[in-house]
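[1] Only the shape, not the letters, is given here:
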């Protein structure tokens, strides 16, 4: 199948979590008529490992990688037989390999925990690194709701900063393709208790939320939006929403972010504790 669409890239590591990422990637590729690229990174004999690996150990790891890719391909084609699936066995750091892949990808999907191509190396660190440095949106499959069931909504966290604009666009796009409700949650302060917020301040924050959504609602008129305004801790409010969502979308850095900090505390909290898959969208991301 010949296509010019950017691929959906799924990280493959042979773990159960990685398998869920493959299935999510296959569904996304089928919806968008995009190719699916399955990538496994095998640690190099010296360059990326704390100790030099014997050739026999490297060969064994490469063999495991090829088998993981074979199984992932079979699963993807069973779920989405019309999708063009390709595989790539790479040598190097899983995080660096996937960041490089993200330059030409529409979306990178990976599991929240697994082996990352090297026994004992949890993929959680790979997910955080990719979310912080990826060139396209990064979706980490984790939590209770890893499949699309029951028309669960898409949730997007909005803080009023320009950095969240890309996340809003991605969330609208996902809700449109999935045909579900979009919950737009605006949390604007993690220091002032909700009971003490002046009415004028609350009204101003609601105005900011409406302005952030207005242009996107015109572009996606078919998407129904539920606005939720919650003064308080952003991470806590979003984690509550993830219990009933099929996807939560956040920016990599928000209004409370520290200059030079590549991944905000809210994004990191969701990557580690969300009850559903998490998409992190950097301001520079294209989709």
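    Alright, I've got the coordinates. A quick note: this is a predicted structure, and the numbers were derived from the prediction, not measured.
[2] Give me the pLDDT value at residue 165.
    Note for residue 165: predicted pLDDT of 89.
[3] contacts for the helix or strand hosting it?
    Per DSSP states H and E, residue 165 falls inside helix 165-178. Here helix 165-178 makes contact (Cβ atoms under 8 Å, 6 or more residues apart in numbering) with 31-32, 137, 148, 153-158, 181-182, 184, 212-213, 216-217, 219-220, 222-223, 246-247, 249-251, 279, 281-285, 287. Quick note: C-beta positions are derived from backbone N, CA and C, even for glycine.
[4] Filter those residues down to the buried ones.
    Neighbour counting by 16 or more other Cβ atoms under 10 Å classes 32, 137, 153-158, 181-182, 184, 212-213, 216, 220, 223, 246-247, 249-251, 279, 281-282, 285 among the contacts of helix 165-178 as buried.
[5] Just the residues you listed: which are in strands?
    Using DSSP state E, the subset of the buried ones among the contacts of helix 165-178 located in strands is 154-158, 182, 184, 247, 249-251, 279, 281.
[6] now, among these, which is nearest to residue 271?
    The nearest member of those to residue 271, counting by Cβ to Cβ, is residue 250 at 9.3 Å.
[7] what's near enough to touch the closest one?
    With contacts defined as Cβ under 8 Å, 6+ apart, residue 250 is in contact with 156-157, 164, 167, 238, 264, 266-267, 270, 278-281.
[8] Test my guess that residue 267 contacts residue 249.
    No - with contact defined as Cβ atoms under 8 Å, residue 267 and residue 249 do not form a contacting pair (10.3 Å).
[9] Find residues that contact each of these two.
    residue 278.
[10] got any ranges where the stretch 101-250 of the chain has weak pLDDT?
    Counting by pLDDT under 70, the stretch 101-250 of the chain contains low-confidence ranges at 114-124, 144-150, 160, 162-163, 188-198, 201.
[11] what are the bridge partners for the closest residue in space to residue 226 that isn't next to it in sequence, then?
    Distance criterion Cβ to Cβ, 6 or more residues apart in numbering; nearest residue to residue 226, sequence neighbours excluded, is residue 183 at 5.0 Å. Taking DSSP bridges as the rule, residue 183 bridges to residue 155, residue 226.
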